[in-house]
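S.K.: from the sequence below, what's the structure:
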Amino acid sequence: MKDNMKELTIGTEAVLTYVTEESRTAQQMGSGSLAVLATPAVVALMEKAACMLLAPYLPDDMTTVGTKIAVEHLSATPVGAAVTVKAVLTAIEDRKYCFDVTAEDIGGLIARGQHERFLVKTERFLAKTYQKLEELSHA
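M.R.: So this is what the prediction gives:
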């Protein structure tokens, strides 16, 4: 079992590259009417980069969940253009992990923001989440 969360340091970063597809445009995702990379897609890529950063450090029975994200989407990206997304760990507060996140395309910076994730026990989190359905069926 890996359990090296203590080895994780401020400044650790993860980078991913994504080529914009039609399925992730504002038009297709319902967040606008144009065939450009959708803001929700940018946010998802930022969360993915943060997850990639943390993954090698997580104990087998733990995961992280996104709890907060604030993003400025500054520039549109056309279908077919590559986007590079970076997450940089800026703070660790008990089970909370904070990141600066950015996204760039060939024209430069397209989005920036901050993101928070919390460390949770996978089974406990899912059990608590799905208990809502059981409570609903007894209501």
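S.K.: CA atoms for contacts and neighbours, from now on please.
M.R.: Fine.
S.K.: what is the mean pLDDT for whichever strand in the chain runs longest?
M.R.: In the chain, taking DSSP state E as the definition, the longest strand is strand 108-121. In this model, strand 108-121 has a mean pLDDT of 98.
S.K.: can you start the count at 207 instead of 1 from here on
M.R.: Done: numbering now begins at 207, and the last item shifts to strand 314-327.
S.K.: next structured bit after it?
M.R.: For strand 314-327, the following helix or strand on the C-terminal side (DSSP states H and E) is helix 328-343.
S.K.: list the helices and strands that next one packs on?
M.R.: Under the contact criterion of 3 or more CA pairs under 8 Å, 6 or more residues apart in numbering; DSSP states H and E, helix 328-343 touches no helix or strand at all.
S.K.: how many residues are close by Ala288?
M.R.: Using other CA atoms under 10 Å, Ala288 has 16 neighbouring residues.
S.K.: now do the same for His344: its pLDDT.
M.R.: At His344, the model reports a pLDDT of 76.
S.K.: tell me how far it lies from Thr223.
M.R.: 46 Å (CA to CA, to the nearest Å).
S.K.: between these two, who's got more neighbours?
M.R.: A direct count of neighbours by other CA under 10 Å for His344 and Thr223 places Thr223 higher, at 15 against 6.
S.K.: just the element for that one, please.
M.R.: Per DSSP H and E: strand 219-225 holds Thr223.
S.K.: helices or strands up against that strand?
M.R.: Using 3+ CA pairs under 8 Å, 6+ apart as the test, strand 219-225 ends up in contact with helix 245-260, strand 288-299.
S.K.: show me what contacts the residue nearest the centre of the chain?
M.R.: Centroid-nearest residue in the chain: Glu253, 0.5 Å away (criterion: CA atoms, centre = their mean). Shown here is Glu253, whose contacts under the criterion CA atoms under 8 Å, 6 or more residues apart in numbering are 272, 321.
S.K.: angle of the helix or strand of the chain with the lowest mean pLDDT against strand 314-327?
M.R.: For the chain, counting by mean pLDDT, DSSP states H and E, helix 328-343 ranks last in confidence among helices and strands (a mean of 90). Angle, helix 328-343 to strand 314-327, by axes from the mean of the first three to the mean of the last three CA atoms, to 10 degrees: 80 degrees.
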